Structure formats: C-alpha cells, structure tokens
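In: how does the following fold in three dimensions:
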Amino acid sequence: MQNKYQIAVIIPAHNEEKAIVKVLAEIPQVLNPIVIVVDNNSNDQTAQVAAQNGAIVLTEPKQGYGYACLKGIDYLQKQANLKIDIVVFLDGDYSDYPAKMIDLIQPIIDHQADLVIGSRALGRQETGAMTIPQRFGNWLATRLIYFFYKKRFTDLGPFRAIGYKALLSLDMQDKTYGWTVEMQIKGVKQGLKCTEIAVDYRRRIGISKISGTIKGVLGAGYKIITTIFKYR
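Out: Have a look, this model is predicted:
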C-alpha cells in the first residue's frame, strides 16, 4: 500500500557531516522515497557526504530552518515529472529514528490525517536528549496553541509528515525557528486533520544549533511565542 505513494523526504542540515550518513542509511527504502538534503550554510562536508550516500543535495546559503525547508519545497514544485503525495521532514542530526517514517505516514495513507506530528513527549527519550529549556518551551507552546486555537498537541517536533497538497495550501512563510509551530497553527486554522504519533528520541550527534547555546534557546523561544500570537 505504502509504495503506491510517492514520498519526499526533506532534511535541513547545517554541519551534520558525522550524522547525515546515519540518517540516510536508516530511511526505509521500502518507501522508495525521494530524499533531499538541504545544506544550510555548512562549513564542513555535509553536502559531499549526503551526495555520496544517494541524496539529492540542494544549497541554501541563508541560514535558518525555515529557509532550508522552503528550499526543499521549491525544488519539489519545480519537478513537473514528479507526483508527490506525502512530504516528510526529518532532522539531519540523527536524534530521530528514520525507520519510524513508515508509521508517521500511515495515518495520511489511511485518510485519517493530513498532518502527522512525531511527538517526542509521547515516546521514549534517551537521557539528555532534550534539555530543560526544550521541555519547558514545548510545554508552554503547546498549551498556548490549545488556549488560542483549541487544538491539543504535545510537541512541536520537527519529525513530521504532511500531504503534499495540504503542505502547499499552508503557504509556509517562516524562515527560522517558527517553522514548525507555523505549520501546526495554519493546519488547525485551515481545518486540516492533525494528529500525533509517539516517536522515540535520542541524543543528537554534535552540538545543537538551538538548545546548545543560550542565544539559540532565547531566539527560538521568542520566535515560537511570537508566531503563536501572529496567527491569532
């Protein structure tokens, strides 16, 4: 059933040369996916390693998670010969379990959901995989979403799947840290069927660009909160 659907996987990556090979190796090949790694202003060998391991590699010099995701979407829109059904977003740091992608897309295939969030809060987390600021930020953001938009989420996890047509309908705009919350809020406002599944989470390879620095934590927190209020 799954291989009747064309799956595209977009992986934003900034300095992930040590992790990206592991991520690519664990993507379920039974899905026969189109795998796109967006090299987001790396100064290491991320792009070369990704290309050597079979990914389509795009370059986005403007650093920002949203910039990288938008680059991947733009590429898909320009491929007239492709009929994409589902897009999966996956981090390049090996903190997620790519094999879970099969479960992540199943609610969309079953017409039970348009957007599926991989919730780390519902799954098992390796000790130290999420910092205290990350946990608190997710707790606060998901409760604000429920308060303002009446939809209960447990996570803003970046590992997610969405129907391609649904994704385009959202007209995503955020260029940095507000990308995930923008998708969830717009999905709710547009009446998409949104759900979550439990995904496990491990300590990433390397240092996080967000939770690994005070600047990153504060910047991400500010952007997420302002995005929640922006779409009220």
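
In: how long is stretch 47-58 end to end?
Out: Terminal residues of stretch 47-58 lie 8 Å apart, using CA to CA, to the nearest Å.

In: what about that stretch, distance to the chain center?
Out: Put simply, stretch 47-58 sits 18 Å off its chain's centre (CA atoms, centre = their mean, to the nearest Å).

In: now that stretch: buried residues?
Out: The neighbour-count check on stretch 47-58 (16 or more other CB atoms under 10 Å) flags 47, 49-50, 53, 55-58 as buried. The C-beta positions use only the backbone N, C-alpha and C, and glycine is treated the same way.

In: what residue ranges in the chain score low on pLDDT?
Out: The model of the chain has pLDDT under 70 over residues 1-3, 207-217.

In: among the buried residues of stretch 47-58, which one lies nearest to Asp171?
Out: Leu58 (20.3 Å; CB to CB).

In: give me the subset of the buried residues of stretch 47-58 lying in strands.
Out: Counting by DSSP state E, the part of the buried residues of stretch 47-58 found in strands is 56-58.

In: what would the residues you listed look like in a markdown table with distance to Tyr164?
Out: What follows is these, written out as a markdown table (distance: CB to CB, whole Å):
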| residue | distance to Tyr164 |
| --- | --- |
| Ile56 | 16 |
| Val57 | 21 |
| Leu58 | 17 |
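
In: wait, which of those residues is closest to Gln112?
Out: Ranked by distance to Gln112 (CB to CB), those are led by Ile56 at 29.6 Å.

In: lovely, talk soon.
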